[in-house]
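In: have a look at this prediction, sequence included:
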Amino acid sequence: MASKLTLSQALGTDGSDFTHRQIIATQYQTSAMNKSRLKYCIFFHYLLFFVMLAKLSADILDRLDIFILEIEELQIPVPLWWEYIWCTSLLLSFLGLSAIRRNKIKTLQRYMIGIILLGYGPLSYAVIYYFKDVWKYLTSDNSDDIHIWHGLPYGLLWYAFVLLGSQVHFFSLYFSWNLLQAWKARGTKKAK
């Protein structure tokens, strides 16, 4: 069946020969999808940072000699050094966003190394540090030796935070790795 010929069509065609030109290369699809997903991971990293900042607020205000009765009444435990080190991992988000914007492989690799060191490093220390309290809480009926904060085991609260933080960091690394593979594939095809 012949179709109506328009001025924009070449002679001898019905206009259905365009399908082979409409395919987007897979590395560009992968890159776009993983850029979006990495941005979501960075957003969740910011949310976790604000949770940690709320926990550290009592100590920060004490160091600045600012007294707020409502915060002092919460009796927030004194923070450990790993909490501050984990907070510095938020600075890596600027590296990640910069790498996404400019498709820079080296910058994205630095972001990934930083997440491993400043993200997973402090979280793994927290797992080891609170393991004894969590194990006692889960295995024994005697909770006298366990640090309790507002009726909840303090170590178990940190384990919940570590679980969320580990998931955010894992997916950040996973999407970053996918981006690296897509960007490297694009570079090899140009070289050929």
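Out: Looks like it arrived, so ask away.

In: going forward, measure contacts between C-alpha atoms and count neighbours the same way
Out: Will do.

In: please enumerate the strands of this protein.
Out: 148-149, 152-153 (DSSP state E).

In: wait, which of those is closest to residue 71?
Out: Nearest of those to residue 71, taken as CA to CA: strand 148-149 at 14.2 Å.

In: mind checking how far the residue nearest to residue 127 when sequence neighbours are not counted is from residue 128?
Out: In space, and not counting its chain neighbours, residue 127 is closest to residue 159: 6.8 Å by CA to CA, 6 or more residues apart in numbering. Residue 159 sits at a distance of 10 Å from residue 128 (criterion: CA to CA, to the nearest Å).

In: neighbours of residue 178, how many?
Out: Number of residues near residue 178 (other CA atoms under 10 Å) recorded here: 18.

In: and the residue nearest to residue 127, what's its pLDDT?
Out: For residue 159, the pLDDT comes out at 94.

In: swap in the one 3 residues further on?
Out: Residue 162 is assigned a predicted lDDT (pLDDT) of 96.

In: so where do the helices sit in the protein?
Out: Applying DSSP state H to the chain gives helices spanning 26-63, 69-73, 81-88, 92-102, 105-114, 121-139, 154-191.

In: packing partners of the fifth one?
Out: Other elements packing on helix 105-114 under the criterion 3 or more CA pairs under 8 Å, 6 or more residues apart in numbering; DSSP states H and E are helix 92-102, helix 154-191.
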